[in-house]
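Chemist: got a sequence here, can you model it:
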Amino acid sequence: MNTKRSLLFGIGALAAASSLPVAATISSAGAGTTARRFPNFVLRNHRGEPVRFYDDLIRGKRVAINMMYTVCTGICPANTANLRSVREMLGDEVGRSVFMYSLTLRPDQDSPRALAAYVNLYGIQPGWEFLTGKANEMEVLRRSLGFYNTNPVEDADIRQHTGMVLVGNEAKDRWCMVPSLGPAKQIARAINET
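Modeler: Residues are numbered from 1 along each chain as shown. Modelled structure (predicted):
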C-alpha cells in the first residue's frame with residue numbers, strides 16, 4: 001500500500017506526465033484481490049443503520065472515500081465543501097452508480113448522531129454516507145485504505161491527517177488517490193473514469 005509521501009510523488013509524476021486527472025494508482029492487480037484487502041467490519045452510518053464495510057459499501061461499486069472528523073477545524077471543512085461540489089456534479093449518479101463515503105477518524109466522538117448533525121450542517125445530499133465504528137476497527141480501515149503516514153509521530157497527530165480521496169471501482173479493481181482539495185471537476189472525472 002502506498003504511503004502519503006509516495007502518493008504525493010506519484011501525483012506529481014502523473015501531473016507532469018499527462019493531462020488526465022491528478023491521481024496516483026493504488027492497485028490494478030486483478031479482480032478478487034480487494035475482498036482480501038478491505039476488512040468487512042460492521043459500521044454505522046449517520047442514520048444509525050449498520051452496514052458491512054466490504055459487503056455493503058465496496059463490493060462491485062465505484063466509490064470515493066475520505067477520512068474526516070466532525071470537530072476538525074483544519075482541512076475537514078474545506079474537504080467537505082469541495083466534495084459537496086463533486087457530489088453536486090455527479091448528480092443523480094450518487095447513490096446509484098457512484099457511492100461517496102466519509103469515515104471518521106474520531107469514532108469515540110463521532111456517533112451516528114454527531115455525523116447526522118455534520119451532514120445537516122453541510123447540507124449533504126443523499127447518496128453520501130458518513131460512517132463510524134469501533135475505534136480499533138476504524139484504525140484498521142484507515143490503514144488498509146492507505147490513509148496513514150509512515151512517520152509514527154506525524155501519523156499519531158490527527159490534525160495532520162491526509163487530505164486525499166480514495167477513488168475506486170471494486171468490480172474492475174482499479175484504485176487511485178486524488179487530492180480532496182483539487183479541482184472538483186478533476187475529482188468527478190477521476191470517479192467517472194475509474
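Chemist: quick one: the most centrally placed residue in the chain from T162, how far?
Modeler: Taking CA atoms, centre = their mean, the centroid of the chain lies closest to I65, which sits 1.6 Å from it. The span separating I65 from T162 equals 12 Å under the rule CB to CB, to the nearest Å. From N, CA and C alone the C-beta is placed, and that goes for glycine too.
Chemist: from what I can see the residue nearest to the centre of the chain touches M164, true?
Modeler: No: distance between I65 and M164: 9.4 Å, which falls outside the contact criterion (CB atoms under 8 Å).
Chemist: what sits in contact with each of the two?
Modeler: Common contact partners of I65 and M164 (CB atoms under 8 Å, 6 or more residues apart in numbering): none.
Chemist: now stretch 130-149: average pLDDT?
Modeler: Per-residue pLDDT values across stretch 130-149 average out to 92.
Chemist: equivalent analysis for stretch 51-71, please.
Modeler: Averaging pLDDT along stretch 51-71 yields 96.
Chemist: tell me, how many residues neighbour G60?
Modeler: 10 (other CB atoms under 10 Å).
Chemist: who's E129 bridged to?
Modeler: E129 forms beta bridges with Y101, as assigned by DSSP bridges.
Chemist: which ones are touching it?
Modeler: So E129 contacts N45, H46, V51, L57, F99, M100, Y101, S102 (CB under 8 Å, 6+ apart).
Chemist: next: L131.
Modeler: L43, R44, N45, H46, V51, L57, Y101, S102, L103, T104, L115.
Chemist: go on, V165?
Modeler: A64, I65, N66, L83, M177, V178, P179, S180, I187 are the contacts of V165 under CB under 8 Å, 6+ apart.
Chemist: would JSON lines of these with secondary structure be doable?
Modeler: Listed next are these as JSON lines, based on DSSP: H, G, I helix; E, B strand; the rest coil:
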{"residue": "A64", "secondary structure": "strand"}
{"residue": "I65", "secondary structure": "strand"}
{"residue": "N66", "secondary structure": "strand"}
{"residue": "L83", "secondary structure": "helix"}
{"residue": "M177", "secondary structure": "strand"}
{"residue": "V178", "secondary structure": "strand"}
{"residue": "P179", "secondary structure": "strand"}
{"residue": "S180", "secondary structure": "coil"}
{"residue": "I187", "secondary structure": "helix"}
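Chemist: including distance to T73, could these go into CSV?
Modeler: Converted to CSV, the contacts of V165 look like this (distance: CB to CB, whole Å):
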residue, distance to T73
A64, 23
I65, 22
N66, 17
L83, 17
M177, 24
V178, 23
P179, 20
S180, 16
I187, 23
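Chemist: and of the contacts of E129, the nearest to I75?
Modeler: Among the contacts of E129, S102 lies closest to I75 (CB to CB), at 12.6 Å.
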